[in-house]
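S.K.: Fold the stuff below for me.
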Amino acid sequence: MVEVAVYIVSFLFGIVIGSFLNVCIFRIPKEESLSAKRSHCMSCGYQLRWFDLIPLFSWIALRGHCRKCHAKISVQYPVIEAANGLIYVIVLLVKGISIESFIFCFAMSALLALSVIDFRTYIIPIGFNVFILGLALIRIAYLLFIEGKAFGDIIPFLIGMFVVSVPLGILWFITKGKAIGGGDIKLMGAAGLLLGWESILLAFVLGCMIGSVIHLIRMKVSKAGRVLAMGPYLAAGIAIAILWGEPLIDWYVNLIKG
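M.R.: Numbers count the residues shown, from 1 in each chain. This is a model prediction of the structure:
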């Protein structure tokens, strides 16, 4: 019962954070303040009251329309909120209930928000990469000072910061930014410090595979151009590595040996 309660609380906390992610997704590309400006209807400017801002439930209660002008409210709001809540529950189910799991939850939130922004604008705001880098430093501090790990145990994380980002940086320099974006390089550096070199290599390979397949489908179905935003696909690879990186790596190693 205690675990069930933790999952329920985690979901509710996740949808609250998801509500903030929606604010980031809409305002950061417009360079608007995240705190100074009150939430309002995009159509009539009606300033939302507290009961209009209850994550997920307010949208359902209002049936997806503004309380005042009855204009449609984007379905993105409940989708992002619900997705973030479910992500938190999945992380805890897969990784167990621990400090590191909650660090990963926050990392997944950043990945979700930056994916939507990058998909729309082809830009990964630097704040998300800095946030993930901060989470990586917190995890390393936790491993060193709480778990009692030796400094040698941290070396794989330090290597992870450079093992993908440096080659991508070289590619960026050679192609003058045409082959890869600067935000993608910073993302892989920050995520590499968070996950370690083995997991970030897995994340990069998975991200490239997912991106290739999905974008080819998009080019055929929706006539998408050849240029693609890599952020969402790299984020998907990182998310998979967070959840199932260790068993996937073990499976691959055993396959090579066997």
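
S.K.: for R27, what are its contacts?
M.R.: Residues near R27 by CB atoms under 8 Å, 6 or more residues apart in numbering: S33, L34, K37. The C-beta positions use only the backbone N, C-alpha and C, and glycine is treated the same way.

S.K.: I'd like the distance from E147 to R139, if you could.
M.R.: 10 Å (CB to CB, to the nearest Å).

S.K.: same thing with V163?
M.R.: 17 Å.

S.K.: all helices in the stretch 101-250 of the chain, in order from the N-terminus.
M.R.: For the stretch 101-250 of the chain, the helices defined by DSSP state H, counting those that start in this stretch occupy 126-145, 155-163, 165-175, 182-195, 197-221, 231-257.

S.K.: Output the contacting helices and strands for the fifth one.
M.R.: I take that to be helix 197-221. helix 155-163, helix 182-195, helix 231-257 (3 or more CB pairs under 8 Å, 6 or more residues apart in numbering; DSSP states H and E).

S.K.: who touches that helix?
M.R.: Against helix 197-221 from outside (CB under 8 Å, 6+ apart): 156-157, 159-160, 163-164, 188, 191-192, 195, 224-226, 228, 230, 232-238, 240-242, 245-246, 248-249.

S.K.: Please pick the buried ones from the residues you listed.
M.R.: With burial judged by 16 or more other CB atoms under 10 Å, the buried subset of those is 156-157, 160, 163-164, 188, 191-192, 195, 228, 230, 232-238, 240-242, 245, 248.

S.K.: most packed of the helices of the stretch 101-250 of the chain?
M.R.: Neighbour counts (mean count of other CB atoms under 10 Å) averaged over each of the helices of the stretch 101-250 of the chain peak at helix 182-195, with a mean of 26.

S.K.: and that helix, what's its mean pLDDT?
M.R.: Mean pLDDT, computed over helix 182-195, is 98.

S.K.: can you give me the angle it makes with helix 155-163?
M.R.: Relative orientation of helix 182-195 versus helix 155-163 (axes from the mean of the first three to the mean of the last three CA atoms, to 10 degrees): 170 degrees.

S.K.: residue contacts, the nearest residue to K95 once chain neighbours are set aside?
M.R.: Spatial nearest neighbour of K95, chain neighbours left out: S101 (4.4 Å); criterion: CB to CB, 6 or more residues apart in numbering. Residues near S101 by CB under 8 Å, 6+ apart: V91, L92, K95.

S.K.: still on that earlier bit, dump the helices and strands packed on helix 197-221 to a markdown table, plus distance to S19.
M.R.: Listed next are the helices and strands packed on helix 197-221 as a markdown table, based on distance: least, CB to CB, whole Å:
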| stretch | distance to S19 |
| --- | --- |
| helix 155-163 | 31 |
| helix 182-195 | 24 |
| helix 231-257 | 20 |
